Structures are given as structure tokens and as C-alpha cells.
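1. A structural model of the following input is requested.
(2 chains)
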Amino acid sequence: MKRQPAIQPEPLRARRVLVKLLPEDDWSREFVEELDAELERLWRSGRIRRAGGWYATRLLSPRTLRFVGMMRRRKRKGGMMTVGARRMRGWGAGGAWQDLGQAARSLRREPRAVLFIVVTLALGIGSVSAMYGVADRLFLSGPPHVRAPDELVRVYLTREDAGGRRTSPWIPFLTATALQEQAHSFSGLTLYRRTERLGRIGDNVSNLQVTEVDGHYFDVLGVIPYAGRLFGGQTRGGDGAPAVISHALAQSSFGSPAAALGRTIQLGDERHTVVGVTPGGFAGPQLERVDVWVPMDRSTASNRNWWVVGRVAGGADRNIVRLQTEAEAIHRRTDPGRFYQWARRGTITVAALGSDNSGKMSAEAAVTRLLLALVGLLLLIACANVVNLLLARITRRHREVVVRLALGISRWRLIRLLVFESLLLGIAGGLVGVLVAYGEGIALRRVLLPQVAWSSSPLDVRVLAVTAAIAIVTGVLLGLLPARHANRTDLTSGLATDRVVSGRGHNRMRTALATAQLTLSSALLVCAGLFLKSFWTIRTTDLGFADDVLAVQLRSLDDAALPEGSDVETNLYERALAAARSIEGSGRAALSVGLPFLYNFGMSIWVPGLDSIPRLPGGGPYLSAVSGGYFGAVGTPILRGVGISQGDVSRQAPVVVVSRSTARTLWPGGDALGECLRIGSESSQCLRVIGVAADVHRQGYREPPSLQIYVPLGRERGRFGGMALVVRPAGSPGGDATRLASALEGIDPVVDHVDVQRLDSVVDSQVRPWRLGAVVLTLTAAIALLVSLIGVYGVLSYGVAHRRREMGVRLALGATATSLQRLVLRTGLVSGMVGVTTGICLVIAASHWLAPLLFETPVADPLVLAAVATVLVAAAVAACALPAAEAGRVDAMACLRGEG
Amino acid sequence: MTLGDLQNLTMLAVARLGARAFAREIRTLLAEVAEREVSVSTVFVTLTRLEDQGLVSSARGETPARGGRPTRIFSLTDAGWEALRRTREASERLWSGLETG
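-> Numbers count the residues shown, from 1 in each chain, chains lettered A, B, ... in the order given. Model prediction:
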């Protein structure tokens, strides 16, 4: 036998590792020296060829690892610590920093998995944070810059009429001031009303959102000015009165808040001096933007209705009943004035500030609350997916866990190490989630909630704090399940086998998690489908006019220069009509006094043969005076007879067009054409019905039918005024609005501003909750579905890899590749079907909360449910396709030889 | 306390070797007399465990067999002798009456 040369064991890597792992004492040193001697002996006898390989085998042998563990435990309990052990113990709480570093290094080894986990978590955490930011503004923290918003309440008047029970925030002036003077339960009460007025700042004329307020407004709200001062007490309103402007207006019109102080702004024909600037984002007690606050003009205040907000020391919630009783008693004994007797029939109610115009939680707030809960589901899905990945990871790292345990790491330390890993993932997810929250926050604000006055960036301190809290809690919770799994590792059996051990319970847990993801995804998909259906239903609601109609109003800062109902106004609008027709074509423009969504004029009517006019739930009769070609221009179909022609207008013919509901109500069972109708007084001229037009919505999407009547333009003279030009553009409405405005701007020096708006833009705000829900939920559900499918794919693909040997045996026993594929596909299909069924059941169980947020869509809408079931099951099967193909490629012989 | 097979053999080796009862000698004795080939790790694990159990004790010493380098010399404690005796008695009780070929 050939004699080997002497060997130097010191440089061997495995030996160096062993020396590093062992404590520095005689007994450990002796152990290493004995191994060296053994190596030398075997080497010299030629029984081994690779010294490094032999040492590595010794190092990894269960006995050696056990010895190392025993020695380390010995030293930990008493004795001297090694340099390595000291390093392991580290600084502070038992080597927490070292464990964090070790966790980071461990994660760095799997960059792709880490990237996927971080992105998944970021989407979940970021979405929840962005939605929290919206919820915070809409209903959680109350209006910004208002002191103690939970002490504020709004006063409502609730009336019963033919249309049912209606609640509105408009209170007659005398009732409002009586409440202010006599109610002792309030520590302060203020009156205000919001209007849109034409304003001039420098040379720029534009519509400004103006709030007229009484002298208590700023005191009751407790706002502190950003610059200058606020006004209060008995400040006189009208021309020459002080004005407070918003931070945004000061910035855009004067360059800075300080530069705005002392400057003059013109609202209509009144001039105001800017005395103060409010903090950025302050909009008073409501959400919508306000540009200017001016003192109320007491000479005209009693002719108007006002909004009333009160402050209650000690919080509003506990005192609502007492407040309501006192306010109602005052309302009962107060005469609201000659023209406001209708208010006496109503009752006063008091509700928290976050309520909408009808005293309930606003639709936006309600939808946002639901969305917050549903994006929470997205986070849950993301977490389930990440837990699954971490479980797979810990299974792959079984050997590492066993070695660590054998080396003497305590179970607590092992759990801590794994929790640190997930904590780092959570923090990384949170950091990227901040970017997601910022992007989503900006999109939500600009696209879906443009009417809200936002006070700060989408990433304010509260949102950041919530993001951090979610990231940390998520991170810690994510690590617990894998840590529990690792903690159950049995050292003896773990050391005895090289194979990755993964029990059936573990696989069941992963499949259950994947199914749970599909369940939550299907719940999200159903909600998204229901909101999409609601949105679709509302968008396709027939309002009675074409959806691209533009309403044009010519406005002057000086009301006296363009009086409503005057010849000047008529003449000006006729010239505008001619100009519009020259641009858009003759049949696409008309004039009207009284337009849906803009002005509605109520008039009394008489019908021969009827003692009284029946009432409809939508109210009326509402009158519009229109020029020839009006019905064609706005796209309201004439169902019978003819519309009003220009000849009727020129001759002031005694004719009238009624809506279908009007015809059916006034002449039930008969033909309305040719019937007589008197307007204004019983003795007025008889107007013959020449046509029946389709019903038109006047205020909103959800609207019961009302009485609607059209007369030739000119017949409204002396009764009501306020003309508008209606135009149906030939091209795209957006481009034509600009073209029309610029064409009409120079039509007359008296015109300071041409106001062009789409008729349905007024109701656009009513669509927002459903648009918000549909867009956010569709995106959320799509992300959730994608994440869940990746989860299903991961579980199945891992399952196939793990069961290759079993599949090999099945093949050897006569199974075919197709049957193996079917096995995998069946697993996915079952998961998908269980997920869909459970998800749908969850949504139906939550229908009590969901149904009020939908628009004419039942929670169990068969179309939505069928679509969701099809999409989800198909997607689940698609996710199984790759693992199934993998199962079909299993080679029986290779598996049985242990190579598969 | 009765001892496992390997523990029993190791302790007997320690008792027989006396002042020469260090790891390499014990391993050699087990191989030559007891015809039991054990790895270095096994001997060290067994001795460490016996010491942890208080059945043997060790002291620092030197031996020419290791080139004068320091080594742990093992000896049986009273508890070790007692355990060894009980194991032997148990074994003899079980053997009594059995014919051996």
C-alpha cells in the first residue's frame, strides 16, 4: 500500500468551523486533537483520499453535533465563554442585534422570494394605509383645524310630505336665531350657508366657493388663523365687509398668505378686504372646498335658509336626546316667518357632524368604511400567502434548524431568530408600502374624491404611524406560525435523516391557507362585482336627457347689469344661441328658463274638471320655459304630439308640453293631447297640451316621478327668471366646452364669465361613492386574486416536488401520467370551489351591511355570483396547470432510484 | 440507576485504566478488549454525558501518549461505582439459571 505524505489538518475548512463552534477549553481541544490524530491515522493507512470531505462528514455527524451542543450548553451554564459564544450572546437583550443581523443575512440568500414577499406585503399594507388616510379625513378624525370635532353637531329639519320623510340641513333664519338665543344645551351655535359666486381677484374672474357666516362661526369651530385675523361679533356683511380666504386661494391668487392680507377681492358687485387666511385644508364643518368666508348680510339673511352647527361641551354623543328635545321645543314655539310656514310641519333633529345632508353617514364615508375593511382582507390574503411561503422556507431549512438545535441554540432563541426574519420582511413591506400608500392616496384624492378639501399630504403623521404599526404587528405575527413549526422539530429524528421532514398536518395547514386566500379573494371579487354592477346601473340610468348636454350661463359681476328675466338677458342669450348654433348646428342648441339639475321653478296649476291637483312623490309641478328645438337639443324624447316650436315662442302660443307622469296623473286613462291647463291662477289663459315628453330627473339618480310642464319661452316673464343656453356638442363635450366658452366670452362687455358645465356633472358627485367602490374594489380584488393564485400555485408546486417519490410509486403500480395530472388539477379545483362557496356565503352573511351601499343591485345578484365563480374556479385551475404538467413529467424509475 | 451498554463499557474501561483513563486510551481499550469500535465523537459524547450525570469526574493531566499535551484523566465517582455495581447485579440476576454455550 502506498504511503501517504503527512497531512496538515489545520487549514481544513470543516475543522476551522468545528474549532469555531467549540468552546475554548482543554476538553474541546483534546477532542479536535483526537480527530486530527484519527485523520492522520486513516490518511497514512490510505483509507481516505479527501481529508476535507472526511472532516466535513465528521463535523456533520450527529454525534459530533451533539458533542458540540453539549459543550456549548456546558459553557453557557457556567464556565468560560468562547469568543464565538460571546459574539453570539452579543449586546443587550441576549444577542438581539446579532440575531437581527443573522436574520438579514439569511434573507439576503433568497432575494427572489424576499422580493415577492415584500411586494405582496407592500400592496396589502400600502392599500390599508391609503384607505386609512381617506377614512381619517372622511369620518375618523373630523374636519381638520376644528377644535374638538366630536363636540360638534348639525341641526336638521325633518318633514313628511307626498315624497315621504325628508331630512335636510336647511333651517329658516328665524328658527335658527331662536335656537341660537334660547338653547342652553349648546355652548355655541352658528349659522352659515355655502354658495357659489362669481368673483374677481385682480384681473381673474372665476367661480368661488363662498361661505356666508354669522359672528359665532370661527369661535364655535375654534379655528386659529394661519395669517391675519378672523372676524366675529356683529361684523356687518355686504359691500366693504371683511373677508377671510383659504390658504390655497391665498397661495394661488396672491403668491402667499401674508401677501393676501389687506388686498381686495370682488364677489358679485361687493368688494371685500382680506383680513385673514385660514390654515391649509380648513373647509369649515364639511368636506368640500371653501375659498372665501364673508360675514352674513343681516338685511337679507331672514329671506334665506341656513345651516346650523352647534358645539356641546363634553361631547355630542351622550347629549343628543337632550339637545334634540330642547331644540324641538324651541322650534315648536317659534314662528319661522311668513314664507317659511312649511317648516312648522317638520321636526328638528340633531346629528353628529360627520353626517351627510340627510343626517345619515355620508355615502362616501360608508363606502370608505367598507373599503377599509375590504382592503384589510387584501392584507390578510397577502399575509396568508407570505405565511405559506415562510412555511415552505422553514421546511426547506429543516436541516439548518436541526443543526442549530444540535449546536445548542435554545428553542426561544430559534423562535426569536425566525420572528426577526419575518419582522424584517414586515418592516421592508411597510417601507415599500409607504410608497404604495402615497401613490394610492394621491390617486384616490385626485380621481375619486376631488371635492374633498384635503389638509395634508397623503402621508401625514397618522398615516405613517398606522403604516409602521401594521408593518411591525404583521411582521411579528407572520413569524409565529413558522416558528411554532420549527419549534416542534424533533432533534433525534431530525439528526437521523437527511430528508426534509414535512408532516401531513403541515401540508394541510398550507392547503388550508391557500383555500382561505381563495375564500377572501372570492369575497372581494363578489363585492367588486356588486359595486361594478351598481356603478353600471347608475351610469346607465336614463335621466331623460342626453349625457353630453352642456348648460351655458353668461354671468356678470354686476347683477344689475344683467337682471334676470329682463330684455337685456333675453337679447344677450338669443345672440349666444345664434353663435352656438353657428358652431354646433341649428338643431343642437336652445334656450331655457328652468333646467334639470340647475334651476327648478314650482308653480301652481289648474285643470278644468279637477278639484285639486294630485301630488306625486317627486313633487311639482315644475315649470320650464323653453325655446324652439329645446327637446331635440337636450335629447328628451317627445313621446306623443309635438314639442314647442320657435313659431310657438314667437307667437307666444297658448300651448304646453307635459311629462309622461304628468299626463298620466292629470288625465288618467285618457289622452292628454288637446287638454287644457292653467298656470299661475285659475283665471289665466287655457294652455292646450300639444305634446307629451319623457320624464326627466331633476335632482338625482334616485328620484321618484314628479309633475313637469314646459311652456314657450317668454310665458315665464314676471314669474321667474334665470336663463341658460343648452348645447349638445357635435364633437367631444370636453373640447367643445372650452371652444364654446371662448366663442361666447367676447359676445358682450357685460359678460364677465361664461360658465359651461355638463348637465350631468352636477350629479357626478352622486356617482362618486359607487365609482370609488367599483374602482378601488376591482383593483383590490384583482391584486388579491393574483396573490392568491400565486399562493395556490406555490402550494401545489411544492406538493408535487414533495410527493415525487409517492408519484413514482403510483406510476410503478400502474397509474398513468394523466391520472397524476388529474390528481393535481382536482386539488386546485376543490380549493377553488371551496373558496368560491365560502366566499359567497361570507358576502351573503354580510348583506345586512353591504345592501344599503349598493345601487339597485341585490347582494345575491346571480350574474355577479356566476361571473365570480367562473373567474375564480377557472383561475384556480389555471394556477394548477404548471404543477399538473410537472406531475405529468414524473419519471417513475428515476424517482424509485432516488434521483427524482 | 442502571447504565446503557456503551456507558457500562466506558465506565469499566475507566475503572480498569486507572491513572491512564483518558479518551484515547479508553477508545483503544474498548476496541481491543471489548471489541467495540467506536468513533472519537462517541467516546467524547459518552464521557461528557457521564460526567454531567456525576458518574465520572475528570482532572487535568498529561500523558506521553499524547506527546505531553494536556488531557482529561477520568475516574469513577462513588455514584459511578454504585451505578456500575447495580448494573452488574442486574445483569447477573438476569443471567442466573441460563445455560451459556
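2. Looking at the helix or strand harbouring residue B:24 now, give me its mean pLDDT.
-> Using DSSP states H and E, residue B:24 sits in helix B:23-32. Helix B:23-32 comes out with an average pLDDT of 91.
3. mind listing what's buried in the next helix-or-strand element following it?
-> As assigned by DSSP H and E, the chain's next helix or strand after helix B:23-32 is helix B:40-52. Neighbour-count burial for helix B:40-52 flags B:40, B:41, B:42, B:43, B:44, B:45, B:46, B:47, B:48, B:49, B:50, B:51 (criterion: 16 or more other CB atoms under 10 Å in any protein chain shown). From N, CA and C alone the C-beta is placed, and that goes for glycine too.
4. Quick check: phi and psi on the closest residue to the third one other than its chain neighbours?
-> The spatially closest residue to residue B:42, leaving aside those adjacent along the chain, is residue A:63, at 5.2 Å (CB to CB, 6 or more residues apart in numbering or on different chains). Main-chain dihedrals, residue A:63, degrees, to the nearest 10: phi -60, psi -50.
5. what does residue A:235 give?
-> Main-chain torsions, residue A:235, degrees, to the nearest 10: phi -60, psi 130.
6. residue contacts, it?
-> Residues near residue A:235 by CB atoms under 8 Å, 6 or more residues apart in numbering or on different chains: A:215, A:241, A:242, A:295.
7. what's the spacing between the second one and chain B?
-> Meaning residue A:241. 93 Å (CB to the nearest CB, to the nearest Å).
8. what's the least confident helix or strand in chain B, going by average pLDDT?
-> strand B:56-62 (a mean of 87; mean pLDDT, DSSP states H and E).
9. report the angle between the axes of that one and helix B:40-52?
-> On the basis of axes from the mean of the first three to the mean of the last three CA atoms, to 10 degrees, strand B:56-62 is oriented at 120 degrees to helix B:40-52.
10. other SSEs contacting the helix or strand following strand B:56-62?
-> Note on strand B:56-62: by DSSP H and E, the next helix or strand toward the C-terminus is strand B:70-76. With contacts taken as 3 or more CB pairs under 8 Å, 6 or more residues apart in numbering or on different chains; DSSP states H and E, strand B:70-76 sits against helix A:26-44, helix B:5-17, helix B:23-32, helix B:40-52, strand B:56-62.
11. Chain neighbours aside, what residue packs nearest to whichever residue of chain B sits closest to chain A?
-> Nearest to chain A in chain B, going by CB to the nearest CB, is residue B:41, at a distance of 3.7 Å. Using CB to CB, 6+ apart and skipping the chain neighbours, the partner closest in space to residue B:41 is residue A:63 (3.7 Å).
12. what sits against that neighbour?
-> B:39, B:41, B:42, B:45.
13. okay if I get the residues you listed as TSV plus pLDDT?
-> Output for the contacts of residue A:63, formatted as TSV (pLDDT from 0 to 100):
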residue	pLDDT
B:39	91
B:41	92
B:42	92
B:45	92
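14. Out of these, which is nearest to residue A:476?
-> residue B:45 (37.5 Å; CB to CB).
15. Downstream of the one helix or strand in chain A whose mean pLDDT sits lowest, the next helix or strand is which one?
-> Least confident helix or strand, chain A: helix A:83-89 with a mean of 40, by mean pLDDT, DSSP H and E. Next helix or strand after helix A:83-89 toward the C-terminus (DSSP H and E): helix A:96-108.
16. Hmm, residue A:854 and residue A:847 touching each other?
-> No - the criterion here is CB atoms under 8 Å, and residue A:847 misses it with residue A:854 at 9.4 Å.
17. The two: which has the busier surroundings?
-> Legend: neighbour count by other CB atoms under 10 Å in any protein chain shown for residue A:847 and residue A:854, higher for residue A:854 (20 against 14).
18. For that one, which non-adjacent residue is spatially closest?
-> With CB to CB, 6+ apart, the residue lying closest to residue A:854 is residue A:534, at 4.7 Å.
19. now swap in residue A:818 and tell me
-> Distances taken as CB to CB, 6+ apart put residue A:888 closest to residue A:818, at 7.2 Å, once the chain neighbours are dropped.
20. and the one you found, how many neighbours?
-> Residue A:888, neighbours per other CB under 10 Å, totals 17.
21. Can you tell me how far it is from chain B?
-> 46 Å.
22. how about that residue, what does it touch?
-> The contact partners of residue A:888, taken as CB under 8 Å, 6+ apart, are A:817, A:818, A:820, A:821.
23. what does residue A:551 give?
-> A:595, A:597, A:598, A:724, A:725, A:726, A:756, A:757, A:758, A:759 are the contacts of residue A:551 under CB under 8 Å, 6+ apart.
24. Am I right that it sits in a strand?
-> Yes - when DSSP: H, G, I helix; E, B strand; the rest coil is applied, residue A:551 is found to be in a strand.
25. Tell me the spacing between it and residue A:775.
-> 27 Å (CB to CB, to the nearest Å).
26. okay, now the residue in the stretch 551-700 of chain A that chain B sits nearest to: neighbour count?
-> When scored by CB to the nearest CB, the stretch 551-700 of chain A has residue A:700 as its residue closest to chain B, at 83.6 Å. Counted with other CB under 10 Å, the neighbours of residue A:700 add up to 13.
27. Could you tell me how far it is located from residue A:7?
-> 92 Å.
28. Also residue A:681?
-> In this view, residue A:681 and residue A:7 are 123 Å apart by CB to CB.
29. Those two: which is more packed in?
-> residue A:7 (16 against 10).
30. where are the low-confidence patches of chain B?
-> B:1-2, B:99-101 (pLDDT under 70).
31. and the longest helix for it?
-> If you go by DSSP state H, chain B has its longest helix at helix B:78-95.
32. now for it, which elements pack on it?
-> helix B:5-17.
33. Which strands and helices lie in contact with the helix it packs on?
-> helix B:23-32, helix B:40-52, strand B:70-76, helix B:78-95.
34. Nearest to residue A:628, out of the ones you listed?
-> The nearest among these, by CB to CB, is helix B:40-52 at 107.3 Å.
35. who are the neighbours of that closest one, in terms of helices and strands?
-> Against helix B:40-52 (3+ CB pairs under 8 Å, 6+ apart) you get helix A:26-44, helix A:62-77, helix B:5-17, helix B:23-32, strand B:56-62, strand B:70-76.
36. again, 10 Å this time
-> The elements that helix B:40-52 packs onto, with contact taken as 3 or more CB pairs under 10 Å, 6 or more residues apart in numbering or on different chains; DSSP states H and E, are helix A:26-44, helix A:51-60, helix A:62-77, helix B:5-17, helix B:23-32, strand B:56-62, strand B:70-76, helix B:78-95.
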